[in-house]
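Asker: could you work out the structure for the sequence below:
(3 chains)
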Amino acid sequence: MLGIFERLAAHFGPLHWWPSDSPFEVAVGAILTQNTNWKNVEKAIANLKQAVALCPSGIKALAREELEELIRPSGFFRQKAERLQLFVDYLFTNHQGSLERLLAGPLDDVRQKLLALKGIGPETADSILLYGGHQPSFVVDAYTRRLLSRLEILHGKESYEQIRALFMDQLPHEPEMFNEFHALIVEECKTFCRKKPLCPSCPLVDMCPFATQSG
DNA sequence: GCCCAGGTGGGTA
DNA sequence: TACCCACATGGG
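Answerer: Got it, this is the predicted structure:
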């Protein structure tokens, strides 16, 4: 795993992922990006900023229908509006409306609290922990599965937790590294996995059984 | 028009 | 546990 990281880091350089003004903005983005192109999420985030609603109290002040309209570009907007409101309700009920207070707790404890919320699964929880809370919780997404499958490290039936453990067991628990590694995996997949199946210039070409075969 | 995108939860066997 | 499906918009 460390070898993969080093090659990707050398090829792509620092990616400075998930720029945001607050942990709460990260959490909103993590929920809105579920099975959705990030470009669409950016439009919804911009709408929320325009409406001065990109904070717990701002979301709380909106009617369900108003929130739905603001986040409509991100798709699944009815479902996501409910999830955002439930998330904010939870913050006010249990953490004085502050995501920072929630994220200040022990990693495993915070993770369980997030996973207990409707609409927050493992990837969303880990994204909030890592990118919002700077806690060393590795994020596994579709790109991670795609890359590890291409390298024949995965064979299709591994669970989310198994794949996460693969990284967590082998790497130092440093948030900056987990952050960068996940971003590098996404960049690698966007650049090489789909567009160039034979990836002659892919930094992982000699580790990739598929790429070194003729067809 | 078709396929896909930084998932998740509910229903069914 | 293991599938199957709904959820919705926007870009290539």
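Asker: quick one: the residue positioned nearest the centre of chain A and A:Asn94, what's the gap?
Answerer: Nearest residue to the geometric centre of chain A (CA atoms, centre = their mean): A:Ser127, 4.0 Å. Using CB to CB, to the nearest Å, we find A:Ser127 at a distance of 20 Å from A:Asn94. Just so you know, the C-beta spots here come from the backbone N, C-alpha and C atoms, and that holds for glycine as well.
Asker: counting by contacts, list what the helix or strand where the residue nearest to the centre of chain A lies packs against.
Answerer: With elements taken from DSSP states H and E, the one containing A:Ser127 is helix A:122-127. Counting contacts by 3 or more CB pairs under 8 Å, 6 or more residues apart in numbering; DSSP states H and E, helix A:122-127 is packed against helix A:23-32, helix A:107-115, helix A:160-170.
Asker: list the contacts for whichever residue of chain A sits closest to DNA strand C?
Answerer: Going by CB to the nearest atom of the strand, DNA strand C is nearest to A:Gly75 of chain A, at 2.5 Å. Neighbour list for A:Gly75: A:Asn35, A:Thr36, A:Asn40 [criterion: CB atoms under 8 Å, 6 or more residues apart in numbering].
Asker: need the pLDDT of it.
Answerer: We have a pLDDT of 98 for A:Gly75.
Asker: how about the residues of chain A by DNA strand B?
Answerer: A:17-18, A:29-30, A:33-38, A:40, A:75-76, A:79, A:117-125, A:127, A:131, A:139, A:141-143, A:160, A:186, A:190, A:194 (CB under 7 Å from any atom of the strand).
Asker: PyMOL command to pick out the buried ones of those residues?
Answerer: PyMOL command restricting the residues of chain A next to DNA strand B to the buried ones, with burial defined by 16 or more other CB atoms under 10 Å:
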select buried, chain A and resi 18+29+30+33+34+36+40+75+76+117+119+120+122+123+124+125+127+131+139+141+143+186
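Asker: thinking again about what came up before, and the contacts of A:Gly75 near DNA strand C, which?
Answerer: Within the contacts of A:Gly75, those near DNA strand C by CB under 7 Å from any atom of the strand are A:Asn35, A:Thr36, A:Asn40.
Asker: how about the contacts made by the first one?
Answerer: The neighbourhood of A:Asn35, defined by CB under 8 Å, 6+ apart, consists of A:Gly75, A:Phe76.
Asker: which residue, other than its chain neighbours, is closest to A:Cys55?
Answerer: Once flanking residues are discounted, A:Cys55 sits nearest to A:Phe24: 5.9 Å by CB to CB, 6 or more residues apart in numbering.
Asker: that neighbour contacts A:Gly97, correct?
Answerer: No. Using CB atoms under 8 Å, A:Phe24 makes no contact with A:Gly97, being 9.7 Å away.
Asker: list residues touching both of the two?
Answerer: Shared contacts of A:Phe24 and A:Gly97, defined by CB under 8 Å, 6+ apart, are found at A:Pro56.
Asker: neighbour count winner among these two?
Answerer: Ranked by neighbour count (other CB atoms under 10 Å), A:Phe24 and A:Gly97 place A:Phe24 first, with 24 against 17.
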